[in-house]
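J.: after the sequence you'll find the predicted model.
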Amino acid sequence: MPDKEDSNHGDLILRVAVPLPLRRLFDYLPPAGEQVTGFRPGCRIKAPFGSRTLIGYLLAKGNHSEISRGQLRPALGMIDSRPLFSPALLELLQWSADYYHHPVGEALAAAVPALLRRGAPLYDEVTVWSAAAGSLPGRARRQRQLLEFIIQKGSITRSELDEAGFSLELLRQLARNGLVRKESRIAQAAPGFRPWRPGSAARPPLNAEQAAAVEKFRAAGTGFRCALVNGVTGSGKTEVYMRLMEEELAAGRQCLVLVPEIGLTPQTIDRFRQRFSLPLAVIHSGLSDRERLQAWRQAAEGSAAILIGTRSGVFTPMARPGLIIVDEEHDASFKQQEGFRYSARDLAVMRARKENIGVVLGSATPSLESFYNAESGRFLRLDLPYRAGDSVPARLQPLDIANQHLPGGLSELALMKIGQHLEAGNQTLVFINRRGFAPILNCLLCGWTAQCGNCSAYLTVHAQPPRQRCHHCGSSLAIPERCPVCRQADLGTSGLGTQQIETHLQKEFPATPVLRIDRDSTRGKDKFRKLLAAVIRGEPAILIGTQMLAKGHHFPGITLALIVDADSGLFSPDFRGQEQMAQLITQVAGRAGRGSGRPGEVLVQTRRAEHETLQHIIGSTYSEFARHLLAERQAAGMPPYSYLCLVRAESRDRIAALAFLRRARQGIEAVRGAQQIHLTGPLPAPMEKRQSRYRMHLLLRGQSRPKLHAVLDSLLPQLDELPAPGGLRWQVDVDPVDLL
Ligand code: ADP
Ligand code: ZN
Ligand code: ZN
């Protein structure tokens, strides 16, 4: 829509977000000699900032500034002739900067590929010159000829200029005299994709629950609607997603699919590829900057039909948005844990609202937040309580190992079961959520334990290669021969890691391949894919894995899942500890017995077989357990029955970090409405020191989200003004997921 001020270059003020940690916009005059009619919010702009030039984002136009015109600087040039973001996406970004209390320029910069951040063109653009009002000096004959040529053609490109035999210098003279204006135009019109038609790809007939789920979503009509597919592992959630996508793709609309980690779910991507044979753009961390930009472009111009991405994929532009899917919506990786700390799952719902389209969250173990929204009717609830096809859910059994000394970590019964399943020609999954050989190195004489010098954490012992490593700061040390305190050579390890289990199982089952799958064994290109390929071939094997193996994989050969240590989750300091433990156990259990005619078995080794939580998890469905946890959360006034915001401060100086948050607390207490906010802290974070910095927390909890945000709105400008000595850094984390 052309604005009134567009015609009036003289008055126009551009309000620009710059990629700096500043919670405000900056005003600029329009760049000299550029056509301003095309300036629209969402276009990038080159702007002088101090002695630097920044790439900023035009957010608004106006004709009034707080700063006098004489002091405003002109922008240096507009980069885009078409906004990078659609109005809905730009609204989402501004909303999210607001909601997460993050500087909007940084939020925008975080949303775009690196090359766009650095000013690369999104589309192939050509520069054209057109005539502007003004008069020529009488003697400039050649200039007049060129100007007449331009007027006659409407506008000219560089190559038209050359062909007509005029020099670039002549054109520049016209520009300097204000007689021509420079403008960018997109070289090609955006192509769409060919709408989907049912083809040769096989589609299994939906079972009754799947059909009901699809029907329920359809019946909700068009426009914004949000559903939670609460489907047990192997219930055919992906099939439901694909049926819902079909309708959009058949109408030429795009579908955005968010998954926790692309590298971990190659099977899912292959399924979309095989089903739809439509242009598909996968946006993941392994892409080069060029490839990432390419994928963005295909999404923005609408030539890619299906867009698959991880967390940051929620900002992928869509020319013709149709549907958003968030698979494994409970996964913690959807929350950005540093800088712009957004939740991609929550933003996916907000984005669908702004785009006025549908959004589907899916999980076998929904987050309590989503579960609550589905129970309370805010989300449509699509239940898939049974496994699809002819596989049956695995049976969970506790394996009591109290008072047993297990050098290799596995009980006799566990080893016997593994042997039985292998003999029957099946695979076994051994789950332990700790990589390395052992989590602790200690002195058997004096009790010394090896700690990281930079973090409040033990050093993990690795066997391949032999080192001690800190999993929090990455530091790596040789394994000492002697205890540094008592100088005796009596060092031992305690606890178990994947490498130790691997060694042990390889000894027990020398004829069986033992595949260890963790961050260490999958480092390097394609290693994970190769390991997965070996698993999918289905020959008898033992898989040892961390939570990488618990994510949505479909391995029909696995009939036994063994959880080596279920107890660590029972004593988590985090109020989400039980929820996370139930999710992990359910997801691991969900890998067993997915093949047809191969029922699965799940063994949960524990020294706390009597523990109520564990009995509850083993004895009920995830949904039943989730309801139980919700009742507890309600009684304790914790999310989703309240809202949290964590102010984090960290510094090399412990006292400085504490003092900062103390002042923050005083600031909050002085704000109107603060009585309704429950404050905890400042307190040291559960992991107090990390990478040589002390970390302190101040937790805000409120029953009313608007009130909590109002308090933050008045607090943050105060905190911005507080001195931050000694490299102190602080951040707000809205709806924190990780309280460590
Ligand atoms: P989930 O994502 O819920 O864990 P999947 O979508 O991976 O489950 O489905 C599990 C398995 O069941 C897959 O092999 C899938 O092809 C199969 N499946 C899904 N729906 C059906 C159906 N209606 N009939 C037969 N097999 C199905
Ligand atoms: Zn010692
Ligand atoms: Zn460390």
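T.: On my side now, so go ahead. Residues are numbered from 1 along each chain as shown. Ligands and ions are numbered 1, 2, ... in the order given.
J.: measure C483 to ligand 1 for me?
T.: 49 Å (CB to the nearest ligand atom, to the nearest Å). Heads up, the C-betas are built off the backbone N, CA and C, glycines and all.
J.: so what's the residue count around that residue?
T.: 20 (other CB atoms under 10 Å).
J.: who does the residue lying closest to it once chain neighbours are set aside bridge with?
T.: Distance criterion CB to CB, 6 or more residues apart in numbering; nearest residue to C483, sequence neighbours excluded, is C443 at 3.8 Å. For C443, the beta-bridge partners under DSSP bridges are L491.
J.: can you tell me how far C443 sits from ligand 2?
T.: 3 Å (CB to the ion, to the nearest Å).
J.: contacting residues for that residue?
T.: Listed by CB atoms under 8 Å, 6 or more residues apart in numbering, the contact set of C443 reads T449, C483, V485, C486, Q488, D490, L491, G492.
J.: now those: which count as buried?
T.: Neighbour-count burial (16 or more other CB atoms under 10 Å) applied to the contacts of C443 gives C483, L491.
J.: closest to I325 out of the contacts of C443?
T.: For the contacts of C443, the residue nearest I325 by CB to CB is T449; the value is 45.7 Å.
J.: thought that closest one was touching A457?
T.: No - contact between T449 and A457 fails when scored by CB atoms under 8 Å: they sit 10.8 Å apart.
J.: now K525: how far from ligand 1?
T.: 26 Å.
J.: how about P510?
T.: Distance from P510 to ligand 1, by CB to the nearest ligand atom: 33 Å.
J.: number of residues surrounding that residue?
T.: By the criterion of other CB under 10 Å, P510 has 8 neighbours.
J.: where does this structure dip in pLDDT?
T.: In the predicted model of the chain, residues 1-10, 134-138, 187-190, 264 satisfy pLDDT under 70.
J.: close to ligand 1: what parts of it are there?
T.: Neighbours of ligand 1 within the chain, by CB under 6 Å from any ligand atom: 204, 206-207, 210, 231, 233-239, 388-389, 554.
J.: can you give me the helices in the stretch 151-300 of the chain?
T.: Ranges of helices within the stretch 151-300 of the chain are 158-163, 168-176, 208-219, 237-250, 266-276, 289-301, based on DSSP state H, counting those that start in this stretch.
J.: quick check, stretch 460-471 touching ligand 3?
T.: Yes - contact of stretch 460-471 with ligand 3 (CB under 5 Å from the ion) involves C470.
J.: so what's the backbone phi/psi at the most centrally placed residue in the chain?
T.: For the chain, the residue nearest the mean C-alpha position is R311 (2.1 Å; CA atoms, centre = their mean). Backbone torsions for R311, taken as degrees, to the nearest 10, come to phi -40, psi -60.
J.: now do the buried residues in whichever strand in the chain runs longest.
T.: Scanning the chain for the strand with the most residues, using DSSP state E, yields strand 677-690. In terms of neighbour count (16+ other CB under 10 Å), strand 677-690 has its buried residues at I677, L679, G681, P682, P684, A685, E688, K689, R690.
J.: which parts of the stretch 401-550 of the chain are helices?
T.: Under DSSP H, counting those that start in this stretch, the stretch 401-550 of the chain gives helices at 412-423, 498-508, 527-537.
J.: what is the longest one packed up against?
T.: Just to be clear, that refers to helix 412-423. Packing partners of helix 412-423 (3 or more CB pairs under 8 Å, 6 or more residues apart in numbering; DSSP states H and E): strand 427-431, helix 498-508, strand 558-563, strand 601-606.
J.: deepest-packed of those, please.
T.: Burial of the helices and strands packed on helix 412-423 is given as mean neighbour count (mean count of other CB atoms under 10 Å); strand 427-431 ranks first at a mean of 28.
J.: adjacent strands (with direction) for that one?
T.: Looking at strand 427-431 with DSSP bridges, what it pairs with is strand 542-545 (parallel), strand 558-563 (parallel).
J.: would CSV of these with distance to F272 be doable?
T.: Converted to CSV, those look like this (distance: least, CB to CB, whole Å):
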stretch, distance to F272
strand 542-545, 24
strand 558-563, 23
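J.: for ligand 3, which of the ones you listed is the nearest?
T.: strand 542-545 (24.0 Å; CB to the ion).
J.: what lies in contact with that closest one?
T.: With CB under 8 Å, 6+ apart, strand 542-545 has contacts from 418, 422, 427-432, 498, 501-502, 505, 509, 512-518, 535, 549, 555, 558.
J.: if we go to 7 Å?
T.: Outside strand 542-545, the residues that touch it by CB atoms under 7 Å, 6 or more residues apart in numbering are 418, 427-431, 498, 501-502, 505, 509, 512, 514-518, 535, 549.
J.: got it, and stretch 288-299?
T.: Outside stretch 288-299, the residues within contact range by CB under 7 Å, 6+ apart are 113-116, 120, 122-123, 279, 281, 283, 287, 304, 307, 316-318.
J.: could you identify the buried members of these?
T.: 113, 115-116, 122-123, 279, 281, 283, 287, 304, 307, 316-318.
J.: may I see those arranged in TSV, with secondary structure and distance to L361 as well?
T.: Shown next, in TSV, are these (DSSP: H, G, I helix; E, B strand; the rest coil; distance: CB to CB, whole Å):
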residue	secondary structure	distance to L361
P113	coil	26
L115	helix	31
L116	helix	28
L122	coil	30
Y123	coil	33
P279	coil	25
A281	strand	22
I283	strand	19
L287	coil	25
A304	coil	22
L307	strand	17
T316	coil	17
P317	coil	21
M318	coil	18
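J.: re earlier: is it possible to get CSV of the helices and strands packed on helix 412-423 that adds distance to K153?
T.: As requested, those are exported to CSV (distance: least, CB to CB, whole Å):
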stretch, distance to K153
strand 427-431, 69
helix 498-508, 69
strand 558-563, 69
strand 601-606, 74
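J.: nearest to ligand 2, out of those?
T.: helix 498-508 (22.0 Å).
J.: ok, back up a step: strand partners (parallel or antiparallel) of the longest strand of the chain?
T.: By DSSP bridges, strand 677-690 pairs with strand 693-702 (antiparallel).
J.: no further queries at this time; thank you.
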